[in-house]
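Would you be able to build a 3D model of this:
(2 chains)
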Amino acid sequence: MSANWRLGIDVGGTFNDLVAVREGDGLRIDYKQPSVPADPSKAVEAGLRGLMEKAGVVPGQVSRIMHGTTLALNTILQRRGARLAMVVSRGNGDVLEIARSRVASAFDFTLKRETPLIPRNRVYEIDARIMADGCIDARPDAAALDALAERIAATRVDAVAVMLLNSYRHPELEAEVAQAIRQRLPGLAVTASAAVWPELREYERAMLAALNAYVQPLMESYLDRLAQRLAALGLTAPLFITTNNGGSVALASARARPIEAALSGPSSGVTAAIREAPARLRDRLVTLDMGGTSTDMAVVLDALPEYTNEARIGDFPVILPVVAVTAIGAGGGSQIMIDAQGVMKVGPESAGSDPGPVCYGRGGETPTVTDCYLTTGILAADAFLGGRMPLDAQSAAAALSQLGAGFGIDGAGAGARTAAAALRVATAMMAVELSKLLARRGLDHRDFTLVAFGGAGATHATMLAAEAGLPQVLIPRTPGTFCALGAALADVRRDYARSLAAMLTADGEGYGPIALVLDELVTEASDWARAEADGNGALPLHFQVMAEMRFGDQAHALEVFVPEDQREQLDGPALLELFHQEHARLYGFSSRDDAVRVSTLRVSVSAPSGELPDPPMVMSVSAPPQSRPVFNAGQWVEAEVRRRSGLAAGNVIAGPAIIEQDDTTVWIVPGWSARVEPDGNLLISPDQEDER
Amino acid sequence: MTLDATEFEILRHKTTAAAEEMGLTLQRSARTIYVKEVSDFATAIAGLDGKAFAYPEMLGVSAFVDLDLRPTLAAFPDLAPGDVILSNLPYANGALSTHLPDLQLVRPFFHGERLIGYGWSMAHTSDIGGGVPSSISPRFSDIYQEGLQIPPVRLLHQGRMDDGVLAIYRANCRSPRTNMGDVRAMLSALETGERRIAAIAAAHGDDAVIGFQTQLADYACEKARPILDLIPEGSFDYWDYLDHDFVSNIPVRLRCRLTREGSRIHLDFTGTDPQLASAFNLPTAGLRNPYLTIRLLHLLTSHDPTAPYNHGLLRDIEADAPAGSVLNPQYPAACGVRHATVMRLIDTVSGALHLANPALAPVAGGGTVLPVVLVDHDPVTGEARPMVIQSIVCGSGARDGSDGVDGREAGLSNTRNSPIERTEDEAPVLVEHYGLRCNSGGPGRWRGGCGLVYTIRMLKDDLSVLARGLERFRFAPWGGAGGRPAPNCRVVVNIGREDERELMRIDMLPLRKGDTITFMTPGGGGFGDPFSRPPEAVLADVLSGFVSIEAAACDYGVAIRGEAVDAKATTAFRDGREGIRSDDIDAGSFRENWDAVLTDALVCRMIKALEPLPPTARARRRRRLYEAALPALASDEPLHLPDPASARAAFEREIAALEREVHA
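The predicted structure is shown next:
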């Protein structure tokens, strides 16, 4: 019996999504398990048991378990992490109070500043100061460290973060202070900022160290509890935790740097989209992850997700590379309202999952986008989530028709007409966000395929694509458990960065210090990746190298990516050439006579989890086609209704049509047709002019 | 045509997004640091009436929601598709620009043959010529020194660039390559906008797009009404001061009368000082310039975050600034640093609002932004290399129900600070202290936000520090409703050492290795009686280091022992207090003395007396008058006003002399 099943688990607010993937033939089995917010590991255990039972897999057949958790994220959002103290250089004690000295909006004077994660009276200044050139301006003596330890001890904190100015380049003094505290206060967790992420920018580095320390105790105890539960199930396969960069790390790494896992959820969806899209479409994707409470979009270029180092969690910056995902205001739970001037508003208020839409029958009274799907007939009351969740169509229609009266919509079918109007507004809102996403990057929407997933992504996708002018929509096989699939398919991946002060002359001289840092980063990264993948030295590791570079007088650095095949031969002139190319691409020119500063190097290492074959198409007995009326463009049209499981490769379904599956409902607008691809994906595009 | 509630909302999202896409296009392809780093650019789509109806939310400068393209368009009755008008001269484009580096482009937007609106893009370019690199200096006395003046001219004729205009432009700026990049970015923003708006018109119809332009303004106006209704009937006067005009030591007064009459709101800036012989003038062309009403716009968007960014919000508002004043200077007054004036204008209108209804808006914030520039002189070549090492802001004013924001004030630009590590990486200085300034927030039931302290140590010789634009050394950010003003701005060299010295203003200050310079910015004013601030809140401030134990006792009447409130002593303090002012606005003792010398009536009389002189002559005559009446103003000595009565008498004498002179 070989261990060839990978299990992916994505913990959500309402459901845990699970998927089992067989490495040999790509066969997949999905499973959904209600979440247990009080002890998430319990639901994971129950879900795994259910999944293995459904897939007929025994623990010995499992090769690895890939887990995405929102625990770190929620810990920060709900401010229920560890009690922390921070140690900083003299004169810098207000670093968390000042942050970046900017208010959120100049046009809202009611806004306050964020409450710092660590209150000012638990931030301690110490006479420990490194200068930019590495000279020590002040070094604390034993007595000062004793006094510091005493003050920390008196505050009864769980953990301490140490951030000394310029430690990103000269980490020794900061490490010494951290060590001195550990020695004096054994048992206290102490994090040095440069050990987490040695990048120039003291506030962001301090916050990252603090956030890491903040979530660590809860994450450690969760991961330990989870490991115990897995062991109790007899699962001995290694456990990996998915990360913000769309990859994953082994348990020990996640315990050490749990902040890497905080934003993994949306990233996993993007990972899955790239892996699931046919190779010919992978270069230009927009992902649409639409659930009950949130909608995220991301752009994929050249089969790679876009990364940002300006992500935020609540009030705080996270400068680790995070898959760039844009949250937009409209989701399935977005509420439809009427403002004082009689104008229809969709969101930003959301009914969330509790009480949820009116049709959930849990006490929600304000109609939501989901109620609109139901009232227009796009959703069927008895077929939602494969019929497991009956919906109250009557209440939804009544709420919408009551709302419609406020806009002057009344008479027969007022509910459906109001719902259709609200869907038009929601679609327009989503479409303009999508357009802006592409405009920001100077990209042409006509080149992109929309990959839709999440509970409602497939339901809204063709309306959105038609409005935004995207020529194609891809609905993967299992959109409802897509993030779990992304987890199961994730590579082992981690990022390393270091800021430096290097200058390349116009001729490319001065590469020495850059080579040194790059070499160190690559060594550190590959040592980690090999250890992570079980000491297998033969793994084909991939390295992505990025250098932040700019002209001496330029305020804004450019991210210059080094193609993988150039990395080993990289030298000063080659790096300079890459910079000039990027500068010319962005600004239309470059000044080849000027010296260029290299301020930060970043290395991302990944150990690919390997391509999996497309899963075999499992066709159940094809049910006879049915139909139901859908209110579209001012009239009721009869839409063909099919079961996804009853479709075979090559089938073409012309809109208006509905494809129902256990985890979502696909709506195909009139004028668009879906084709079932050989791999089972649905590709939906507008009918050619001559076919209309 | 009237749109239904759905169509209207859809068009609102689409047109706003079109304006935002214009901004994104501009931002992505522009080259200037002002665009990339400070977001000093803007885009919008105007209706057939020349007023913007689609304006981005949170992208670029939001201040120009109420822009008016009509003066720019006036000379071009025959615009064709693909035409683009370029301008930068405030005195010729109806103050669409308020200083020369701001290039303005306007393009008619057509759908097919039909004109359906106008696109507008603006960017603060690196340089437009003139006496100094980057074209801005407070010292300039007229606009000829500030660079190339461009009245509205056609830059593109039906899509074809006018090479002559371009040649003149390129020849007149120091960085033509960068600037041309910006111009191209602005042009492509306009192309994007026209393409988008034409697509919207194609989907919804030209009439819908045109009808929407007025319907959105009506909607915005309706949104604004309940908020403007919070302003009671009547007139409310307030005036505030800039410390000086940089070239003299004489304070500059801005005055606002806010009047509510029926549904109308009127801002009258009569009583504002005559235009200056330095670059602090704010051109407004006698129109309702967006800067004149910006505080009211803040008021509306703060009270109703759903209010659309549309000129209809201001439909019930009028603004009048007298010709020849700082707020409506006449050609050729210099205007490069008008942002300092706008910050004080915000405080001035806030003051009038406070008197009308204290619950409406925060009291004064610190009111100054300080870009600290380090100049490294090469001892061999003599070359001077300037670097902006930090932009220091102040604290925000408190308001009814909330403390001010510490160490942050949105002001006009609201940009991020520079990390200490970035500064030390690039400049030969060590940042010894960058923190919140203790006791710098005005005391109040709601405390003003703390200002900042910034101390740098020079790591080598041959360095100079430039800090132009420092304000609030004399006139404090005011508090209200019993709240106290914030302490003034301070600059100290070698603080805590034997050779410590206090500075009043800095132009170019040479420093030696080991010297330190410390900037202390004001916090915001306080709101409400500080003796009614809950002792626990005062304790929290003391434990955080925002308020000292001494200040807790004397400003708040709260006794702190160790890390706790001494309730008994606190009660004794609070019951036994005397002499706490509870006037509506408290701007501090210097202001009190100054107003005692130069009463409102006296200043208004002086301004009136100056009026018969040509606008450019008023500054000189005014300076002579002040320096004759108060000779201390002619020196750089700190200003003391020990005997207001005799000082006032001196002014009365001088004003009488002036009156005789102009009538002669």
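
in chain B, what secondary structure element scores lowest on mean pLDDT?
Using mean pLDDT, DSSP states H and E, the weakest-scoring helix or strand in chain B turns out to be helix B:33-36, at a mean of 71.

which parts of the stretch 301-450 of chain A sit against chain B?
Contact residues, the stretch 301-450 of chain A versus chain B (C-beta under 8 Å from any C-beta of the partner chain): A:338-346, A:407-408, A:421-422, A:424-425, A:428-429, A:432-433, A:435-436, A:439-442. (C-beta placed from N, C-alpha, C; glycine too.)

Please tell me how far the longest helix along chain A is from the chain's geometric centre.
With secondary structure taken from DSSP state H, chain A has its longest helix at helix A:202-232. Distance of helix A:202-232 from its chain centroid, counting by C-alpha atoms, centre = their mean, to the nearest Å, is 18 Å.

Next SSE downstream of that helix?
Next helix or strand after helix A:202-232 toward the C-terminus (DSSP states H and E): strand A:239-242.

Please determine how far the residue lying farthest from the centre of chain A is located from chain B.
Each residue of chain A has a distance to the centre, and by C-alpha atoms, centre = their mean the biggest one is for A:Ala143: 46.0 Å. Counting by C-beta to the nearest C-beta, to the nearest Å, the separation of A:Ala143 from chain B is 22 Å.

Check A:Ala46 too.
43 Å.

any idea how far A:Arg64 is from that residue?
Distance from A:Ala46 to A:Arg64, counting by C-beta to C-beta, to the nearest Å: 20 Å.

Closest residue of the stretch 201-350 of chain B to chain A?
With C-beta to the nearest C-beta, the shortest gap between the stretch 201-350 of chain B and chain A falls at B:Thr301, namely 4.2 Å.

Can you pick out the residue with more neighbours from A:Ala46 and A:Arg64?
Neighbour totals were compared for A:Ala46 and A:Arg64, and A:Arg64 leads with 19 against 16 (other C-beta atoms under 10 Å in any protein chain shown).

Please point out which parts of the helix or strand hosting that one sit buried.
Using DSSP H and E, A:Arg64 falls within strand A:62-68. Neighbour counts over strand A:62-68 (16 or more other C-beta atoms under 10 Å in any protein chain shown) mark A:Val62, A:Arg64, A:Ile65, A:Met66, A:His67, A:Gly68 as buried.

sorry, back to before: next secondary structure after the least confident helix or strand of chain B?
With elements assigned by DSSP H and E, the helix or strand that comes after helix B:33-36 is strand B:41-46.

So which elements touch that next one?
Contact here means 3 or more C-beta pairs under 8 Å, 6 or more residues apart in numbering or on different chains; DSSP states H and E; on that basis strand B:41-46 packs against helix B:5-29, strand B:52-54, strand B:114-124, helix B:176-204.

show me what contacts A:Val351?
No, residue A:351 isn't Val; it's Ala. With contacts defined as C-beta atoms under 8 Å, 6 or more residues apart in numbering or on different chains, A:Ala351 is in contact with A:Gly333, A:Ser334, A:Gln335, A:Pro357, A:Gly364, A:Thr366, A:Thr368.

Can you give the domain ranges for the chain?
The chain I'm using is chain A. What the record gives for chain A is the domain set A:5-76+A:220-261, A:79-214, A:334-424, A:492-607, from automatic domain parsing.

I was after chain B.
If you go by automatic domain parsing, chain B breaks into B:5-223, B:362-529, B:589-662.

Check B:Asn414 and give its pLDDT.
Note on B:Asn414: pLDDT of 73.

Pretty sure it sits against A:Arg102.
Yes: using C-beta atoms under 8 Å, B:Asn414 is in contact with A:Arg102, at 5.9 Å.

quick revisit: may I see the buried residues of strand A:62-68 organised as a markdown table, with pLDDT and distance to chain B added?
Below are these laid out as a markdown table (pLDDT from 0 to 100; distance: C-beta to the nearest C-beta, whole Å):
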| residue | pLDDT | distance to chain B |
| --- | --- | --- |
| A:Val62 | 94 | 46 |
| A:Arg64 | 91 | 40 |
| A:Ile65 | 94 | 40 |
| A:Met66 | 95 | 36 |
| A:His67 | 95 | 35 |
| A:Gly68 | 94 | 31 |
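
in stretch A:119-138, what's buried?
A:Pro119, A:Arg120, A:Arg122, A:Val123, A:Tyr124, A:Glu125, A:Ile126, A:Ala128, A:Arg129, A:Ile130, A:Ala132, A:Asp137.

next one: stretch A:209-221
Within stretch A:209-221, the residues scored as buried using 16+ other C-beta under 10 Å are A:Ala209, A:Ala210, A:Leu211, A:Asn212, A:Ala213, A:Tyr214, A:Val215, A:Gln216, A:Pro217, A:Leu218, A:Met219.

Check which residues of stretch B:48-66 are buried.
If you call a residue buried by 16+ other C-beta under 10 Å, then stretch B:48-66 has these buried ones: B:48-56, B:59-66.

Let me know whether it sits next to chain A.
Yes: interface with chain A: stretch B:48-66 contributes B:Met58, B:Ser62 (C-beta under 8 Å from any C-beta).

next one: stretch B:473-493
No: taking C-beta under 8 Å from any C-beta as the criterion, stretch B:473-493 and chain A are apart, separated by no less than 14.3 Å.

Show the average pLDDT along stretch A:97-115.
The model assigns stretch A:97-115 a mean pLDDT of 91.

Pull the contacting residues for the residue of the stretch 1-150 of chain B found nearest chain A.
At 3.4 Å from chain A, B:Ala17 is the closest residue in the stretch 1-150 of chain B, using C-beta to the nearest C-beta. Applying C-beta under 8 Å, 6+ apart, we find B:Ala17 in contact with A:Val432, A:Glu433, A:Ser435, A:Lys436, B:Arg196.

Return the member of these nearest to A:Asp662.
Nearest to A:Asp662 among the contacts of B:Ala17 is A:Glu433, at 29.0 Å by C-beta to C-beta.

Tell me which helix or strand comes right after the helix or strand containing that closest one.
Assigned by DSSP H and E, A:Glu433 belongs to helix A:414-439. Counting by DSSP H and E, the element after helix A:414-439 in chain order, helix or strand, is strand A:449-453.
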